[in-house]
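> Prediction below, plus the sequence it came from.
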Amino acid sequence: MRTESFISQTPFELESGKVLPELELTFTTYGSLNAEQNNVVWVVHALTGDSKVGEWWNGMVGEDQFYDPANHFIICVNLPGSCYGSTNPLSVNSMTGDVYFYDFPTLTTRDMARALDLVREGLGICTIHTLLGGSLGGQVALEWAYLLAENLKNLVILASTAKSSPWVVGFNETQRMAIESDCTWGEKSLEAGKKGLETARAIAMLSYRHPADFERKQQSPEGTVDGFRAATYLRYQGQKLGNRFTALSYWVLSKAMDSHDLGRGRESLEKALEKIKARTLAVGVDSDLLFLPQESQFIANHIPKGSYREIKSTAGHDAFLIEFEQLQYILRSFYLNAD
Ligand SMILES: CC(=O)SCCNC(=O)CCNC(=O)[C@H](O)C(C)(C)COP(=O)(O)OP(=O)(O)OC[C@H]1O[C@@H](n2cnc3c(N)ncnc32)[C@H](O)[C@@H]1OP(=O)(O)O
Ligand SMILES: N[C@@H](CCO)C(=O)O
């Protein structure tokens with residue numbers, strides 16, 4: 001495993017017209033590129049993931065796993081805006097010499113896809129064998145698949161959508177409201193909005209899980225009138241994220257998720273999907289309350305070489321990060337059916 005940085009030599013113009021004078025992108029690779037350059041597996045992480053895909057997707061990537069570095073060149077880039085090494089609101093704006101903080105520009109999933117393409121070009125990779133992404137990662141992967149055209153062979157979109165629904169935008173807005181209500185939000189510090197971020201994560205967890213999952217794991221003993229398990233669970237999850245993420249990055253990434261619309265400026269969503277050339281597998285989760293299975297079906301129905309499979313789980317949206325056995329089975333049949 002190697003973690004490196006790519007630094008763009010030229011200013012990076014965003015969809016908004018604003019410019020990032022310098023763009024650093026941290027990425028992690030596993031295995032090596034073969035002579036034919038046909039073993040590239042590119043994974044795009046979700047909202048709070050990082051480039052170390054072998055850690056958070058350890059049931060899919062790693063020695064003797066489905067994507068084994070012995071056979072594949074596996075790469076994951078920390079998305080711009082995120083706080084694990086790539087340019088983000090806590091980076092220094094090289095034009096002003098000051099940390100961006102709240103002046104960090106709005107990013108779209110299309111900007112993120114273009115940033116990934118810079119890394120691809122920088123590494124001299126022409127063709128990607130398989131591009132995979134879940135949730136926000138799936139949105140960025142879809143945008144990138146559109147740009148890559150014939151240079152992408154297989155696309156796997158997990159628990160995601162071609163356009164963020166009003167429901168997703170609404171959930172994200174409640175989370176940003178929680179951040180805004182933290183009295184430290186507005187301060188120029190690493191910890192700004194930390195308590196708000198904890199609440200945001202607690203709200204988000206309700207969209208990443210399913211009532212059945214809470215029924216199974218968070219039942220309190222009979223007679224409980226306070227101190228419920230569900231309550232300590234959500235507080236714990238909030239603190240866990242608060243200790244490893246920044247509210248500033250969360251803000252930028254959740255705004256990018258809101259922006260997602262593959263059809264923007266491309267006639268329609270359907271027409272944009274029709275232009276994706278890669279063999280595509282869209283995987284929904286039957287219990288996903290955030291990105292509904294029918295949104296994955298829509299992707300599969302409109303991409304010419306698209307197909308749909310479903311993970312059965314009570315885990316909800318996050319099942320794509322948990323249900324490794326089902327995913328492996330689904331992916332095995334996807335590759336078996338390749339031309
Ligand atoms: C640097 C980095 O870490 S970045 C990469 C890591 N994260 C990512 O990539 C993002 C994607 N991953 C995720 O979102 C998550 O890790 C998932 C979805 C894969 C799994 O989520 P988890 O939080 O592990 O699972 P789950 O919802 O079952 O919660 C388990 C945790 O809650 C705790 N917990 C469970 N019930 C309760 C309760 N009633 N009260 C308090 N704590 C509780 C458990 O002890 C456990 O704690 P731990 O994480 O310290 O071991
Ligand atoms: N739970 C995952 C997926 C959210 O879409 C994350 O925190 O990145």
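Everything's here; your move. Ligands and ions are numbered 1, 2, ... in the order given.
> Show me what from the stretch 201-339 of the chain comes close to ligand 1.
If contact is defined as C-beta under 6 Å from any ligand atom, the residues of the stretch 201-339 of the chain in contact with ligand 1 are Gln218, Arg229, Thr232, Tyr233, Tyr236, Arg244, Asp318, Leu321, Ile322. In short, each C-beta sits where N, CA and C put it, glycine included.
> all helices in this protein, in order from the N-terminus.
When assigned using DSSP state H, the helices of the chain occupy the ranges 53-56, 109-122, 136-148, 166-180, 194-208, 211-217, 229-242, 247-259, 269-274, 293-302, 324-336.
> Quick one: closest of those helices to Glu13.
Minimum separation from Glu13 across the helices of the chain (C-beta to C-beta) falls at helix 109-122, 8.9 Å.
> Return the angle between stretch directions for the closest one and helix 247-259.
In this structure, helix 109-122 runs at an angle of 100 degrees to helix 247-259, with axes from the mean of the first three to the mean of the last three C-alpha atoms, to 10 degrees as the basis.
> just the helices of the chain: most buried one?
Comparing those on average neighbours per residue, with mean count of other C-beta atoms under 10 Å, the densest one is helix 136-148 at a mean of 26.
> Just the angle for that helix relative to helix 166-180, thanks.
Angle between the axes of helix 136-148 and helix 166-180 is 120 degrees (criterion: the same axes, to 10 degrees).
> Okay, now the unreliable bits of this protein?
When the per-residue scores of the chain are filtered using pLDDT under 70, the ranges that remain are 339.
> any idea how far Leu47 is from the closest residue to Gln237 other than its chain neighbours?
Counting by C-beta to C-beta, 6 or more residues apart in numbering, Gln237 lies nearest to Met205, which is 5.0 Å off, once chain neighbours are set aside. When C-beta to C-beta, to the nearest Å is applied, the distance between Met205 and Leu47 equals 12 Å.
> and if you look at Ala282?
Applying C-beta to C-beta, the value for Ala282 to Leu47 is 19 Å.
> The two: who's more crowded?
Comparing Ala282 with Leu47 by neighbour count (other C-beta atoms under 10 Å), the higher total belongs to Ala282, at 29 against 22.
> ok, Ile322 touching Ser313?
Yes - contact criterion C-beta atoms under 8 Å: Ile322 and Ser313 qualify, at 7.2 Å.
> So these two - more neighbours on which side?
Ser313 (20 against 14).
> ok now do that one, which residues does it touch?
Val285, Asp286, Ser287, Ala319, Ile322, Glu323, Gln326 (C-beta atoms under 8 Å, 6 or more residues apart in numbering).
> Once you drop chain neighbours, what's closest to it?
Counting by C-beta to C-beta, 6+ apart, the nearest residue to Ser313 once its immediate chain neighbours are dropped is Ala319, at 4.0 Å.
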